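Undergrad: Everything below, folded, please.
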Amino acid sequence: MRLSLLILFNFVFFCATARVTVIPQSIYDFKVDAHKGGTIDLAQYKGKKILIVNTTARDEYSRQYEQLEALSKQYKDKLVVIGFLIEDFAIEPGTKLTPINPNKDYYVSFPLTTIVNVKGPDQTPVYQWLTQKKYNHLEDSEVKWDFQKYLIDEKGNLVAIFDPKIKANNPKLIAAIEKQ
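TA: Numbering: from 1, shown residues only. All right, here's what the predicted structure looks like:
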């Protein structure tokens, strides 16, 4: 009897302390914390394409923000850009490490999230959905570096993944956004 109670206690304790993350089936089921407070509810973007970009919180990438802002404004009726601030990639080879300032203003009109992890054991659930075929139904992928881009169509399907080297003004990215 004591052994049974001990086993039952250990099972209940393990279940209560185990960290279980349930990944939604649809991109529209996600809500993420916004950079300046509040929540970004992805359901509000049904009917639009969504370009999810893991953006860096470091200053040396300001040109990427400018390009993404221009893209966001150019296609404002059919596309929303969402920047997920990250610090997974601490430093680009050959550059000096700049401390992250989570309260920094990025001077973009598109939504930004709080700082999240897009790799490793603490990967944010949105990126689990984006990088695993069992959730996104397109392909498995790995976030290679800052500014990797994931394009979601108007129906919530992941339709394309763009390498970090592909800039926001790249003709392949533009063609994917314009595709009906």
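Undergrad: helix/strand/coil for Val80?
TA: Using DSSP: H, G, I helix; E, B strand; the rest coil as the criterion, the local structure at Val80 reads strand.
Undergrad: Next, the contact list for it, please.
TA: Tyr45, Lys48, Lys49, Ile50, Leu51, Ser72, Phe110, Pro111 (Cβ atoms under 8 Å, 6 or more residues apart in numbering). Backbone N, C-alpha and C define where each C-beta goes, glycine included.
Undergrad: what do you get for Ser141?
TA: Neighbouring residues of Ser141 by Cβ under 8 Å, 6+ apart: Leu130, Thr131, Ile161.
Undergrad: cool, Thr113 as well?
TA: Thr113 touches Val32, Asp33, Ala34, His35, Ile40, Ile82, Gly83, Phe84, Leu85, counting by Cβ under 8 Å, 6+ apart.
Undergrad: Can you pull the phi/psi pair for the last one?
TA: For Leu85, the backbone dihedrals (degrees, to the nearest 10) come out as phi -70, psi 130.
Undergrad: ok, now the third one?
TA: Main-chain dihedrals, Ala34, degrees, to the nearest 10: phi -80, psi 150.
Undergrad: distance of the residue lying closest to it once chain neighbours are set aside from Thr113?
TA: Distances taken as Cβ to Cβ, 6 or more residues apart in numbering put Ile40 closest to Ala34, at 5.1 Å, once the chain neighbours are dropped. Using Cβ to Cβ, to the nearest Å, Ile40 is found at 6 Å from Thr113.
Undergrad: quick one: common contacting residues for the two?
TA: Val32, Asp33, Ala34, Ile82.
Undergrad: out of those residues, which one sits closest to Gln148?
TA: Comparing these against Gln148 with Cβ to Cβ places Ile82 closest, at 13.1 Å.
Undergrad: Any idea how many residues pack against the closest one?
TA: 23 (other Cβ atoms under 10 Å).
Undergrad: show me what contacts it?
TA: Applying Cβ under 8 Å, 6+ apart to Ile82 gives the contacts Ile40, Leu42, Ile50, Leu51, Ile52, Val53, Phe110, Pro111, Leu112, Thr113.
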